[in-house]
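A.B. asks: Just a sequence and a predicted model for now, questions to come.
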Amino acid sequence: MVSISDNASFSSSNRSPAPKFANSFTTRIFSDVAGDITITVDGESFLLHKFPLVSRSGKIGKMVADGKDSNISKLELLNFPGGPQTFELAMKFCYGMNFEITAANVAPLRCAAEYLEMTEDYREENLVARTEVYLNEVVVLSIEKSVEALCSCETLPPIAEEVGIPNRCVEAIAMNACKEQLVSGLSRLECDGESTELKSGCLDWWIEDLSVLRIDYYQKVIRAMERIGVRPDSIVESLMHYAQASLKGIGKCQIWNPARMKPNPGMAENDQKTIVEILLNLLPTEKSSSVPLSFLFGMLRMAIMVEATIACRLELERRIAFRLEMVSLDDLLIPSLRTGDSLFDVDTVHRILVNFLQRIEDEENEERENESDGLGYLGHDSLLKVGRLIDTYLAEIAPDPYLSLQKFIAMIEILPDYARVIDDGIYRAIDIYLKVTFLFTTEYELTTMFSF
């Protein structure tokens, strides 16, 4: 009979591995009866007996009955869910042999049972019912088992969607995460005042589990979590962990080495492009959660590297511009990947500045409408911080011999005069730039530059 396992092991049997299914255990059950039907699954043949099969499988019964020859002895099952391995387990069930249903095999078995029509119409407690019991009483009660079952659906045909296994796993993961969130609320309070290392243990443990999911399933899980009410900060943490696990080059330590700036060799560049775009769409709004700037810059670098859509890159630039006054110099030093271009991606930084200045303008207009003076000071303070940041940035990129004068001047001109209290920073950047490019600069260009 079938046993239900609460652990992740495939089988708890202590017997040594049996020989080939088609040639071994059938003869042990009916030692005096030779096999009378051969069923082929994905090129692998199984010598079996009609009686135990047709008594539980409606599909096999119909195929035998519909055969031109009543003594049909060969059948082929096309596109069988889970392949020969799952078919073997289904046949063991028909023969009443012992094996375990686990989180790893329950989805393929449930699909195989549907494919073979192993319903209660043919035998009580048939395979459909047995797998449903395991799904409803074991899998959906656990995040880990739901994730394991959902992963097993990745290689299954559309029949998995038809019987609703992925959706049930997705909803179960989201619901259990929400329950964990409520329970962990007390743990988080207990962690207050403790060391950082101890606090990290109080964070959502399920975040790491989700990183093994394929991106389309992961997207469904996050959307379900948003709908159910999982905290936005937990979702952001999960997105960051998924990005680190799935994308090569997301960390700062990797962005300067061209050899490491290539897509993950185990994943097509188009796949990484899809992951970047989906993760961006899953980010909560700025008002509901503060996404770390380091993560946004890492995603922006990846978006540039895998040539994500323009809309994707512009959205990341907009999010960064929303908090540009909090950005560090290292964040802005985005390497350029275009051959023959400057060492740094000045165009991207320029667009971020445009977005920032638009934000400042919008805030000033809103302040005028509300007749509020306090916010105006805060907006100007942000502008002064960004002014100092850009002057430092210009001084850093000025030694680049490939930096065109047009781009350098555009970066200087974009900020208004009142963004700088003193001009020492900008003159220092110009001085560095002139020392590098003096031999290649015309008199007219020098005159234009010194007009600042």
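C.D. replies: Yep, it's here.
A.B. asks: how near is the nearest residue in space to Pro401 that is not next to it in sequence to Thr392?
C.D. replies: Excluding its sequence neighbours, the residue lying closest to Pro401 (C-beta to C-beta, 6 or more residues apart in numbering) is Val436, at 5.8 Å. In this view, the C-beta of every residue, glycine as well, is placed from N, C-alpha and C. Separation of Val436 from Thr392 (C-beta to C-beta, to the nearest Å): 17 Å.
A.B. asks: Can you name every helix or strand that the helix or strand harbouring Ser238 contacts?
C.D. replies: Assessed by DSSP states H and E, Ser238 sits inside helix 232-246. Helix 232-246 is packed against helix 206-210, helix 215-228, helix 269-282, helix 293-305, with contacts defined by 3 or more C-beta pairs under 8 Å, 6 or more residues apart in numbering; DSSP states H and E.
A.B. asks: Check the offset of the second one from the chain's centre.
C.D. replies: Centroid separation for helix 215-228 versus its chain: 10 Å, with C-alpha atoms, centre = their mean, to the nearest Å.
A.B. asks: Kindly report the same for the third one.
C.D. replies: Its chain's C-alpha centre lies 8 Å from the corresponding centre of helix 269-282 when counted by C-alpha atoms, centre = their mean.
A.B. asks: now swap in the last one and tell me
C.D. replies: Between the centre of helix 293-305 and the centre of its host chain there is 15 Å, according to C-alpha atoms, centre = their mean.
A.B. asks: Report the buried residues of the helix or strand following it.
C.D. replies: As assigned by DSSP H and E, the chain's next helix or strand after helix 293-305 is helix 310-321. Going by neighbour count (16 or more other C-beta atoms under 10 Å), the buried part of helix 310-321 is Cys312, Arg313, Glu315, Leu316, Glu317, Arg318, Arg319, Ile320, Ala321.
A.B. asks: Could you dump those into CSV with distance to Glu364 added?
C.D. replies: As requested, these are exported to CSV (distance: C-beta to C-beta, whole Å):
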residue, distance to Glu364
Cys312, 29
Arg313, 27
Glu315, 24
Leu316, 25
Glu317, 21
Arg318, 18
Arg319, 21
Ile320, 20
Ala321, 15
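A.B. asks: okay, the angle between the helix holding Ser238 and helix 293-305?
C.D. replies: 40 degrees (axes from the mean of the first three to the mean of the last three C-alpha atoms, to 10 degrees).
A.B. asks: How far off centre is helix 232-246?
C.D. replies: Distance, centroid of helix 232-246 to centroid of chain: 8 Å (C-alpha atoms, centre = their mean).
A.B. asks: if you average pLDDT over that helix, what comes out?
C.D. replies: Averaged over helix 232-246, pLDDT sits at 93.
A.B. asks: For the closest residue to Gly61 other than its chain neighbours, list the residues it contacts.
C.D. replies: Once flanking residues are discounted, Gly61 sits nearest to Val54: 3.9 Å by C-beta to C-beta, 6+ apart. Contacts for Val54 (C-beta atoms under 8 Å, 6 or more residues apart in numbering) come out as Ile60, Gly61, Val64.
A.B. asks: Wasn't the last one part of a strand?
C.D. replies: It refers to Val64. No. Per DSSP: H, G, I helix; E, B strand; the rest coil, Val64 lies outside any strand segment and is helix.
A.B. asks: neighbours of it, just the number please.
C.D. replies: Neighbours of Val64 under the rule other C-beta atoms under 10 Å: 19.
A.B. asks: From Asp36, how far out is it?
C.D. replies: Relative to Asp36, Val64 is positioned 10 Å away (C-beta to C-beta).
A.B. asks: shared neighbours, the two?
C.D. replies: Common neighbours of Val64 and Asp36 (C-beta under 8 Å, 6+ apart) are Lys50.
A.B. asks: where are the low-confidence patches of the stretch 251-400 of the chain?
C.D. replies: 251-270, 287-289, 369-379 (pLDDT under 70).
A.B. asks: Next, count neighbours for Phe46.
C.D. replies: 22.
A.B. asks: burial count for Leu389?
C.D. replies: 20.
A.B. asks: now, among the contacts of Val54, which is nearest to Met305?
C.D. replies: Ile60 (51.8 Å; C-beta to C-beta).
A.B. asks: ok, the closest one - contacts?
C.D. replies: Ile39, Lys50, Leu53, Val54, Leu75, Leu116.
A.B. asks: With Asp42 as the reference, measure out to it.
C.D. replies: 16 Å.
A.B. asks: go on, Asp345?
C.D. replies: With distances taken as C-beta to C-beta, Asp345 is found 49 Å from Asp42.
A.B. asks: who's more crowded, the two?
C.D. replies: Under the criterion of other C-beta under 10 Å, the comparison of Asp345 against Asp42 puts Asp345 first, with 21 against 14.
A.B. asks: Would you map the helices across the stretch 51-200 of the chain?
C.D. replies: 58-66, 83-95, 106-116, 127-137, 143-152, 159-162, 165-191, 196-201 (DSSP state H, counting those that start in this stretch).
A.B. asks: of the ones you listed, which approaches Lys273 most closely?
C.D. replies: helix 143-152 (22.4 Å).
A.B. asks: What lies in contact with that closest one?
C.D. replies: Residues beyond helix 143-152 that count as contacts (C-beta under 8 Å, 6+ apart) turn out to be 8, 103-108, 135, 138-140, 165-166, 169-170, 172-173, 176-177, 180, 206, 209-210, 212-214, 217.
A.B. asks: Just the buried ones from those residues?
C.D. replies: 103-108, 135, 138-140, 165-166, 169-170, 172-173, 176-177, 180, 206, 209-210, 213, 217.
A.B. asks: hmm, back to that, out of the contacts of Val54, which is nearest to Ile159?
C.D. replies: Ile60 (16.5 Å).
A.B. asks: show me the contacts for Glu154.
C.D. replies: Here Glu154 is in contact with Arg214, Tyr217 (criterion: C-beta under 8 Å, 6+ apart).
A.B. asks: Report pLDDT for it.
C.D. replies: 95.
A.B. asks: With the one 5 residues further on instead?
C.D. replies: Taken from the predicted model, the pLDDT recorded for Ile159 is 96.
A.B. asks: pLDDT score for the nearest residue to it once chain neighbours are set aside?
C.D. replies: Leaving aside its chain neighbours, Ile159 sits nearest to Cys111 (4.8 Å; criterion: C-beta to C-beta, 6+ apart). In this prediction, Cys111 carries a pLDDT score of 98.
A.B. asks: got the contact list for Cys111?
C.D. replies: Here Cys111 is in contact with Pro81, Gly82, Thr86, Leu156, Pro157, Ile159, Ala160, Val163, Ile165 (criterion: C-beta under 8 Å, 6+ apart).
A.B. asks: buried subset of those?
C.D. replies: Pro81, Gly82, Thr86, Leu156, Ala160, Val163, Ile165.
A.B. asks: so Thr348 sits right up against Ile304, yeah?
C.D. replies: Yes. Between Thr348 and Ile304 there is a contact under C-beta atoms under 8 Å: 7.2 Å.
A.B. asks: Between those two, which contacts overlap?
C.D. replies: Common neighbours of Thr348 and Ile304, using C-beta under 8 Å, 6+ apart, are Arg313, Ile334.
A.B. asks: Save the contacts of Ile60 as a markdown table, and put in distance to Gly340 and pLDDT too.
C.D. replies: As requested, the contacts of Ile60 are exported to a markdown table (distance: C-beta to C-beta, whole Å; pLDDT from 0 to 100):
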| residue | distance to Gly340 | pLDDT |
| --- | --- | --- |
| Ile39 | 63 | 94 |
| Lys50 | 72 | 90 |
| Leu53 | 68 | 94 |
| Val54 | 71 | 93 |
| Leu75 | 64 | 91 |
| Leu116 | 62 | 97 |
